[in-house]
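S.K.: what's the 3D shape of this:
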Amino acid sequence: MKRILHFGLKKYVAHVLKDWDNSIQNPEEYQENIFLDLIRKAEETQFGKDHNFKDIQTYEEYCEAVPLRTYEDFSKYIEQVKRGEADVLYPGKPKYFAKTSGTTAQVKLIPVTEDYIKNFSKAGLNVIFSYMRMSQNYDIVFGRNMLLQGSPILEDINGIKTGRMSGISYYILPKLLKKNRLPSYENNIIADWEEKVKAIVKQTAKEDLRILGGIPPWIMMYFDYLSEETKEQYIKNIFPKLQLYIHGGVNFEPYKEMLFEKIGRRIDTLDTYTASEGFLGFQESLDDPAMTLCTDTGVFYEFVELEEYRLNKKPKRIKLAAIELGKDYVIILNTHAGLYGYVIGDTIRFTQRNSYKFLFTGRVSQYISMFGEHLIAIEVENAIQHASLKFGFKTRGFTIAPNLQSTTNLSHHEWWIAFEELPENLEEIEYEIDEHICKQNHLYSDLIEGKVISRLKIIPVKNKGFEQCFLEAGKMDGQNKIPSLSNNRKLVDLLKPYVEGAEED
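M.R.: Just a heads-up that it's a prediction; the model follows:
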């Protein structure tokens, strides 16, 4: 019977992945079709009329008619949708608003349409099916799966259900996974995050969990409570068939070895690139950390070189076919949710053209350049990963902030790092990280050599300091991520009570 089930499932997986495989072979063709479909569908919308979509035939005409926009530039149209008006950005009304933090103090409301849901679900299924085909593990869907996510309780804005994307995902999960998903709705809606995780631990401790998803710091917290509840040192003794961890949102490498240590063995892990604006990519190969761009799920991509974006008011936009390897690009989205020329605020770097694989390199707004160094997320993540491999330490979270000094002392970067066990050789680690940053970033190296700034300083944070800080600040909901770097000290000021040696309350 099992052999028959495997045979049938294998055939079904191959059938579902046909479109994905075709998009890998013909990405430019898929992108062109999505582009034309978006233009034609939105012709009679308010946005389409305002930008003369009926007259647009080429990408060049589109670039002239539709300028690049951030969320704030869409506010006029979003307000119309919020009032209950139809056919504003996309035909009809969105089914959901995905609520997320904006670049300003305001909350962003991203439209989620039926076409968006279809494409998001399709991409999610592609992740699981691609893994099953690659690993030949077809049993994985017969056990339980769990996504540690935000609350699925949604508010109503003129008939549009509104909540965090991690909560909305509870409703748009692929049907294949809904039957065996965890946790229960009752546990998922618990408002207090610590109480919620403890309730989920009690519910799941005896389940046959095989697929796990969520942001690494919160999964670590779940594992801690799970070990405490069951008195088991290793997660493998609780979930012997746990085989796949799907993550995203933050760089997984600093957490990987500590996660495996807690599990008691290595399991397969896959990175994904999802946002409130869409499902944009996922890791196809266990041997390659780069993700494959989803070119078949209703998103037409544009790209702007990072420096071009920062320096020019009207930067040059290019299509996927024109990208170059090794460059950092600001990613621009045009979607079946009614976003056009939309600057999501992320930067990526392509590593290969065939199947268009890329690495997430950071946020346009998340970089340090207090002294002209233009240090980005991927550079600091590479440096801390390099040092952790050399010295064998494990981290539970980190963030970087500038420390501006008077003329009598040199300014520098502070690296606030939560170590699993506090190393004794912090000065050696500081030097190694600093050297690796210098090798990647010549501007930083020049500042060090010119004695404009001094070498970085590590501020050791308590083992679970980041989680405790976020709990106290009410920032834990399954979607909030620890920013790896910033140009201000807002986060590190909150972290001060959680520094090694600080007195407990």
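S.K.: give me the low-pLDDT residue ranges for the chain?
M.R.: In the predicted model of the chain, residues 1-2, 101-106, 366, 406-408, 474-481, 503-505 satisfy pLDDT under 70.
S.K.: and the longest strand anywhere in it, what other elements does it pack with?
M.R.: Counting residues, the longest strand found in the chain (DSSP state E) is strand 342-352. Counting contacts by 3 or more CB pairs under 8 Å, 6 or more residues apart in numbering; DSSP states H and E, strand 342-352 is packed against strand 328-335, strand 357-363. In this view, the C-beta of every residue, glycine as well, is placed from N, C-alpha and C.
S.K.: contacts for the longest one?
M.R.: Read it as strand 328-335. 35, 38, 68, 116, 277-278, 280, 298-306, 309, 317, 323, 339-350, 361, 364, 376 (CB atoms under 8 Å, 6 or more residues apart in numbering).
S.K.: mind exporting it as PDB, just the C-alpha atoms?
M.R.: Presented in PDB, the C-alpha positions along strand 328-335 are these (Å, rounded to 0.1, in the frame of the first residue of the first chain):
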ATOM      1  CA  ASP A 328      23.700  44.400  -5.500                       C
ATOM      2  CA  TYR A 329      20.300  45.300  -6.900                       C
ATOM      3  CA  VAL A 330      17.300  47.000  -5.300                       C
ATOM      4  CA  ILE A 331      14.400  44.700  -6.200                       C
ATOM      5  CA  ILE A 332      11.200  46.300  -7.800                       C
ATOM      6  CA  LEU A 333       7.900  44.500  -7.800                       C
ATOM      7  CA  ASN A 334       4.800  44.600 -10.100                       C
ATOM      8  CA  THR A 335       2.200  42.200  -8.800                       C
END
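S.K.: Okay, buried residues for that strand please.
M.R.: For strand 328-335, burial by neighbour count (16 or more other CB atoms under 10 Å) applies to D328, Y329, V330, I331, I332, L333, N334, T335.
S.K.: tell me the SS of L339?
M.R.: Here L339 is recorded as coil under DSSP: H, G, I helix; E, B strand; the rest coil.
S.K.: who touches it in this structure?
M.R.: F74, L89, I110, P111, E277, L333 are the contacts of L339 under CB under 8 Å, 6+ apart.
S.K.: for R353, same thing?
M.R.: I323, L325.
S.K.: Distance check, it against H6.
M.R.: 35 Å (CB to CB, to the nearest Å).
S.K.: And V364, by the same measure?
M.R.: Distance from V364 to H6, counting by CB to CB: 46 Å.
S.K.: ok, back up a step: pick out whichever of the buried residues of strand 328-335 sits closest to E207.
M.R.: T335 (35.7 Å; CB to CB).
S.K.: Could you check how far the closest one is from F35?
M.R.: 11 Å.
S.K.: what residues do those two have in common as contacts?
M.R.: Counting by CB under 8 Å, 6+ apart, the contacts common to T335 and F35 are F300.
S.K.: With respect to E29, which of the contacts of L339 is nearest?
M.R.: Distance to E29, by CB to CB, is smallest for L333 among the contacts of L339, at 19.3 Å.
S.K.: Just give the number of residues close to the spatially closest residue to F393 that is not a sequence neighbour.
M.R.: Distance criterion CB to CB, 6 or more residues apart in numbering; nearest residue to F393, sequence neighbours excluded, is P423 at 5.0 Å. Residues lying near P423 (other CB atoms under 10 Å) number 19.
S.K.: M134 now?
M.R.: 14.
S.K.: Regarding the nearest residue to R266 once chain neighbours are set aside, what is its secondary structure?
M.R.: Spatially, and ignoring its direct neighbours in sequence, R266 is nearest to F260 (5.0 Å; CB to CB, 6+ apart). Here F260 takes the helix state, with states given by three-state DSSP.
S.K.: ok, F260 to Y171 distance?
M.R.: Distance, F260 to Y171, by CB to CB: 32 Å.
S.K.: in this structure, which helix has the most residues?
M.R.: Of all segments of type helix in the chain, defined using DSSP state H, the longest is helix 114-135.
S.K.: If I take it and strand 328-335, what angle do their directions form?
M.R.: Counting by axes from the mean of the first three to the mean of the last three CA atoms, to 10 degrees, helix 114-135 points 120 degrees away from the direction of strand 328-335.
S.K.: Show residues contacting the helix or strand where K11 lies.
M.R.: Taking DSSP states H and E as the definition, one finds K11 inside helix 2-16. Identification of contacts with helix 2-16 by CB under 8 Å, 6+ apart yields L125, N126, F129, M132, R133, Y138, D139, V141.
S.K.: Not counting sequence-adjacent ones, nearest residue to the second one?
M.R.: The spatial neighbour of N126 that comes closest, neighbours along the chain excluded (CB to CB, 6+ apart), is W20 at 5.0 Å.
S.K.: can you give me the helices in the stretch 1-150 of the chain?
M.R.: 2-16, 18-25, 27-41, 46-50, 59-65, 75-82, 114-135 (DSSP state H, counting those that start in this stretch).
S.K.: For G372, find the nearest of the ones you listed.
M.R.: If we rank the helices of the stretch 1-150 of the chain by CB to CB, the stretch that ends up nearest is helix 59-65, at 31.4 Å.
S.K.: so who does the closest residue to K196 other than its chain neighbours touch?
M.R.: Nearest non-adjacent residue to K196, counting by CB to CB, 6+ apart: I190, 3.8 Å away. The neighbours of I190, taking CB under 8 Å, 6+ apart as the test, are S151, K196, A199.
S.K.: Output stretch 5-17 as CSV, nothing but the C-alphas.
M.R.: Extracted in CSV, the C-alpha atoms of stretch 5-17 (Å, rounded to 0.1, in the frame of the first residue of the first chain):
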residue,chain,number,x,y,z
LEU,A,5,0.9,5.8,-2.3
HIS,A,6,4.5,6.8,-3.0
PHE,A,7,4.1,6.1,-6.7
GLY,A,8,0.9,8.1,-6.9
LEU,A,9,2.4,11.0,-5.0
LYS,A,10,5.5,11.0,-7.1
LYS,A,11,3.4,11.3,-10.2
TYR,A,12,1.4,14.1,-8.7
VAL,A,13,4.5,16.0,-7.6
ALA,A,14,6.0,15.7,-11.1
HIS,A,15,2.7,17.0,-12.6
VAL,A,16,2.5,20.0,-10.3
LEU,A,17,6.2,21.0,-10.8
